[in-house]
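In: return a 3D structure for these sequence lines:
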Amino acid sequence: LCECLVGHTERLSDIALDKGRAPLAWIDGKRVFLGNEDKVVTAKDINCVVESLGGFGSDNRAGLEQQLHRISAVRNRQSEIIGLTMRVGRHVTGNATILSDLLLGDCTKSILFLGEPGSGKTTVVREVTRVLAEQFNVWIVDTSNEIAGDGDVPHPCVGLARRMMVPSLDKQSDIMIETVQNHTPEVMVIDEIGRPTEVEAARTCKQRGVRLIASAHGDLRKLAKNPKLRGLIGGVETVTLGDAQARLESKKMGNHAGSVQKLKAQRAGSPTFDMIVELRRGAHDEWRIIADTGEAVDKILEGQKYPTQRRTRNPETAALALYLESA
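Out: Got it, this is the predicted structure:
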């Protein structure tokens, strides 16, 4: 299989091994079958990989000592491993240059990275962690050892940052609070916030004066519709308007047909994350920056567009460009 990947590793994202099927890889967003046409993955092949790992956690993820790659298991009903997804982990030095002013300007602003799986969120978070750790006491709450790699010693890509490992997914929120209480972080880095308990823990940490750097799936508009996670951006509540206010809101929304809506969705509180960076799969040199999360959420709930920055980087010259847009 290694011979089939020669010359393609920089564009390789995943390798999939499923019992009884041909091995394949995802290269530059395309499915590529590996080896001879008659080659299929056997239970022996899968066991050979599994035996070289340190063991799978409750989230069915494992890693390699001092490596950033992630291996996820597919199990049958008897909990036997019948497939593996091997995600290539990367560190790109200088990847956070496009955000230097946001990271080192106002050092109190918490930043949330949003994007679909494979958009490069974790790769960016690693470099952001390294940059901030040069000046601040940075702690990583590392679910599945995703950010700093497997093993007791964090990968050198996170620089001087220290790490708290999370034994299982249901413990992540507790570890976040423990880190604040025991280790006095100035900055806390969390990968993949995805459960309500973590949303509440993030809010608690922010209220205690800790700057947060985290990632989650989706984009801002989708997050605003997600009842489990929208607490990260202030939450949404429904209020009942009086007659006069309802008519005023109706005119403001451009409704001139005479119908009046007395229920209004509005932001419930201050966002946990002050700024948002949206990434897209395949567009690693073009990011959308939302500098004021609260304003953007208010605009979304009013059915309006909100101001954004589109920042680009030339991969050959490293030249940066900024464009003011609406989304």
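In: skipping adjacent residues, who's closest to residue 190 in space?
Out: Of all residues not flanking residue 190 in the chain, residue 214 sits nearest, at 4.2 Å (C-beta to C-beta, 6 or more residues apart in numbering). Placement of C-beta: from N, CA and C, glycine included.
In: residues in contact with that neighbour?
Out: Contacts for residue 214 (C-beta atoms under 8 Å, 6 or more residues apart in numbering) come out as 110, 111, 112, 113, 125, 189, 190, 191, 193, 202, 273.
In: what's the burial count for the fourth one?
Out: Burial of residue 113, expressed as a neighbour count using other C-beta atoms under 10 Å, amounts to 24.
In: try the first one
Out: The number of residues packed around residue 110, counting by other C-beta under 10 Å, is 22.
In: would you report the backbone torsion angles of it?
Out: phi -90, psi 140 (degrees, to the nearest 10).
In: what's the answer for the second one, then?
Out: Phi and psi for residue 111, reported as degrees, to the nearest 10, are phi -130, psi 130.
In: with the last one instead?
Out: The main-chain torsion angles of residue 273 are listed as degrees, to the nearest 10 and equal phi -110, psi 120.
In: remind me which residues of this protein are low pLDDT?
Out: 1-3, 6-7, 243, 246, 249-250, 252-259 (pLDDT under 70).
In: can we see that at 80?
Out: Residues of the chain meeting the criterion pLDDT under 80: 1-10, 35-37, 54, 240-264.
In: secondary structure and distance to residue 11 added to the contacts of residue 214, as TSV?
Out: Formatted as TSV, the contacts of residue 214 follow (DSSP: H, G, I helix; E, B strand; the rest coil; distance: C-beta to C-beta, whole Å):
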residue	secondary structure	distance to residue 11
110	coil	33
111	strand	28
112	strand	27
113	strand	22
125	helix	21
189	strand	27
190	strand	28
191	coil	23
193	coil	29
202	helix	34
273	coil	31
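In: which among the residues you listed end up buried?
Out: 110, 111, 112, 113, 125, 189, 190, 191, 193, 202, 273 (16 or more other C-beta atoms under 10 Å).
In: in the chain, which residue is most central in space?
Out: Geometric centre of the chain, nearest residue: residue 215, 2.8 Å, by C-alpha atoms, centre = their mean.
In: isn't that one right up against residue 121?
Out: Yes. Using C-beta atoms under 8 Å, residue 215 is in contact with residue 121, at 4.2 Å.
In: could you find the closest non-adjacent residue to residue 154?
Out: Nearest to residue 154 is residue 148, by C-beta to C-beta, 6+ apart, at 3.8 Å.
In: how about residue 108?
Out: Nearest to residue 108 is residue 211, by C-beta to C-beta, 6+ apart, at 6.2 Å.
In: thinking again about what came up before, now, which of the contacts of residue 214 sits nearest residue 226?
Out: Nearest to residue 226 among the contacts of residue 214, counting by C-beta to C-beta, is residue 193 at 11.2 Å.
In: need the contact list for the closest one.
Out: Contacts of residue 193 (C-beta under 8 Å, 6+ apart): 199, 202, 214, 215, 216, 229, 232.
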